[in-house]
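**Q** Predicted structure and sequence below. I'll ask about it afterward.
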Amino acid sequence: MVEFGLDTFGDRSVDLDGNPVPYAQVIRDVIEEGVLAEEVGVDSFGVGEHHRDDFAISAPEIVLAAIAARTSRIQLRTAVTVLSSDDPVRVYERFATLDAISHGRAEITLGRGSFTESFPLFGFDLADYDVLFSEKLDLMAALLAGGGPVTWSGTVRPPLVDQQVYPKTESGTLRASIGVGGSPESVVRAAKYGLPLALAIIGGEPARFAPFVDLYHRALAEFGHDPKPVGVHSPGFVAATDEEAAEIVWPHAQQMHNRIGAERGWPKYTRGRFESDINHGALHLGSPETVAQKVARTVRALGVQRFDLKYTNGPIPHVHMRKAIELYGTAVIPRVKELLAEEPAPAEAG
């Protein structure tokens, strides 16, 4: 069985006249989008964490708590929690609280994050990028192992000795996965801890990531863990037609890519590259039928158990994102299920 989710980074949107929407309104809009996602049948809703001016959400668990109070079924997760610049104990406490509010629907996606603004903001040295994530993930895994006391020591924070952490969850733990961008080392790390894998495919043909899924399943077995689910996070957008989807997203995606690209030394994002990303890359964009066909191909090629569509691609107006959510839930998801029923997914590796 495949689960279907939506992800947002809370991009600071514009209105239909192109005027920037206040951050507070963007946050309120994301809450409405999460509520709508449940209404139209989406399985999960993920909210990212960023600390820069083109994104409105820096505290995703608070936004998720607001959605939890107005929903009853949808799973609520981060996309991702930047563990390296946070404290694992506080992360666990906050998400245990969200888990209580949501009656067990909270999930943490643990990752390094693709932006680095949080490191200097919270007093961390980027030179410690690797050790911060490695040690904090080790502590987080200990916290997730059960409801008992935790003993841990490392170099990035004071040790814990038989330390209880509260509040306790009703299930005794929290749902968590590790978000990776496609490096073998990160895939093996997820397998080492026996945590589900959330594979971010934001560029390139999704099928070429199949070796990472295979590596994960083989590594799980080598570490002695039972099989765990694999999810895919990939960008996209849904509108009534392919042409409408492209025309809505293109100017906003171009703006987002060129801003980030200027910071990272990327070439300018062209319309040709945009079209290539739609036709041959990771962008699941178009009409409901087009998006459903591509999602089904991705799920079949990788043998994954969850597909999450990141429906925000720059400062797209809220009204367009609401329509994309409606179409994803009411048209894309049912059609993908039909397609997958017609052709079984490949057998799980491992």
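**A** Arrived safely, thanks for sending.

**Q** For the rest of this, base every contact and every neighbour count on C-alpha atoms.
**A** Noted.

**Q** for stretch 41-59, how far is the first residue from the last?
**A** Using Cα to Cα, to the nearest Å, one end of stretch 41-59 lies 25 Å from the other.

**Q** Actually, stretch 191-202.
**A** Start to finish, the residues bounding stretch 191-202 are 22 Å apart (Cα to Cα).

**Q** Residues contacting that stretch, please?
**A** Residues outside stretch 191-202 that contact it (Cα atoms under 8 Å, 6 or more residues apart in numbering): 109, 141, 176-182, 187, 190, 209, 216-217, 219-220, 223, 225-226, 228-235, 282-283.

**Q** What's the PyMOL line that selects buried ones from those residues?
**A** A single PyMOL command suffices to select whichever of the contacts of stretch 191-202 are buried according to 16 or more other Cα atoms under 10 Å:
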select buried, resi 109+141+176+177+178+179+180+181+182+187+190+209+216+217+219+220+229+230+231+232+233+234+235+282+283
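
**Q** how about the strands in the chain?
**A** All strands of the chain, identified by DSSP state E, fall at 3-8, 44-47, 75-78, 81-82, 106-111, 150-152, 160-163, 175-180, 197-200, 230-238, 284-286, 306-310.

**Q** need the ones you listed in TSV with distance to Leu121 and mean pLDDT, can you?
**A** As requested, those are exported to TSV (distance: least, Cα to Cα, whole Å; pLDDT from 0 to 100):
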stretch	distance to Leu121	mean pLDDT
strand 3-8	22	98
strand 44-47	20	98
strand 75-78	20	98
strand 81-82	13	97
strand 106-111	17	98
strand 150-152	26	97
strand 160-163	25	97
strand 175-180	22	97
strand 197-200	25	97
strand 230-238	27	98
strand 284-286	34	98
strand 306-310	26	98
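
**Q** Compare the ones you listed and give me the one nearest Ala127.
**A** strand 81-82 (16.1 Å; Cα to Cα).

**Q** and the closest one, which strands flank it?
**A** strand 106-111 (parallel) (DSSP bridges).

**Q** pLDDT below threshold where in the protein?
**A** For the chain, the stretches with pLDDT under 70 are 343-350.

**Q** Could you pull out the helices in it for me?
**A** For the chain, the helices defined by DSSP state H cover 23-39, 60-68, 88-101, 118-121, 129-144, 184-192, 210-222, 242-264, 271-280, 288-302, 318-327, 333-342.

**Q** which residues touch Thr151?
**A** Pro159, Leu160, Val161, Asp162, Gln163.

**Q** Give me the residue at the spatial middle of the chain.
**A** With distances taken as Cα atoms, centre = their mean, the residue of the chain nearest its centroid is Ala79 (3.1 Å).

**Q** which residues touch that residue?
**A** Contacts of Ala79 by Cα under 8 Å, 6+ apart are Asp7, Thr8, Phe9, Gly46, Val47, Gly48, Glu49, Ile108, Thr109.

**Q** Let me have the residues you listed in TSV, extended by distance to Pro20.
**A** TSV is the format used below for the contacts of Ala79 (distance: Cα to Cα, whole Å):
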residue	distance to Pro20
Asp7	21
Thr8	17
Phe9	16
Gly46	23
Val47	20
Gly48	20
Glu49	20
Ile108	30
Thr109	29
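
**Q** which of the residues you listed tops the neighbour count?
**A** Val47 (28 neighbours; other Cα atoms under 10 Å).

**Q** Would you check that my belief about that residue contacting Leu64 is correct?
**A** Yes. Using Cα atoms under 8 Å, Val47 is in contact with Leu64, at 7.4 Å.

**Q** residues shared between the contacts of the two?
**A** Contacts common to Val47 and Leu64, judged by Cα under 8 Å, 6+ apart, are Arg77.

**Q** Kindly tell me how buried Leu174 is, as a neighbour count.
**A** For Leu174, using other Cα under 10 Å, the count is 23.

**Q** and what of Ala145?
**A** 14.

**Q** Can you list the buried residues in stretch 3-14?
**A** Within stretch 3-14, the residues scored as buried using 16+ other Cα under 10 Å are Phe4, Gly5, Leu6, Asp7, Thr8, Phe9, Gly10, Asp11, Arg12, Ser13, Val14.

**Q** Also stretch 200-214?
**A** Ala200, Ile201, Ile202, Glu205, Pro206, Ala207, Phe209, Ala210, Phe212, Val213, Asp214.

**Q** go on, stretch 286-305?
**A** For stretch 286-305, by 16+ other Cα under 10 Å, it's 286-289, 291-305.

**Q** Please consider this matter closed, and thank you.
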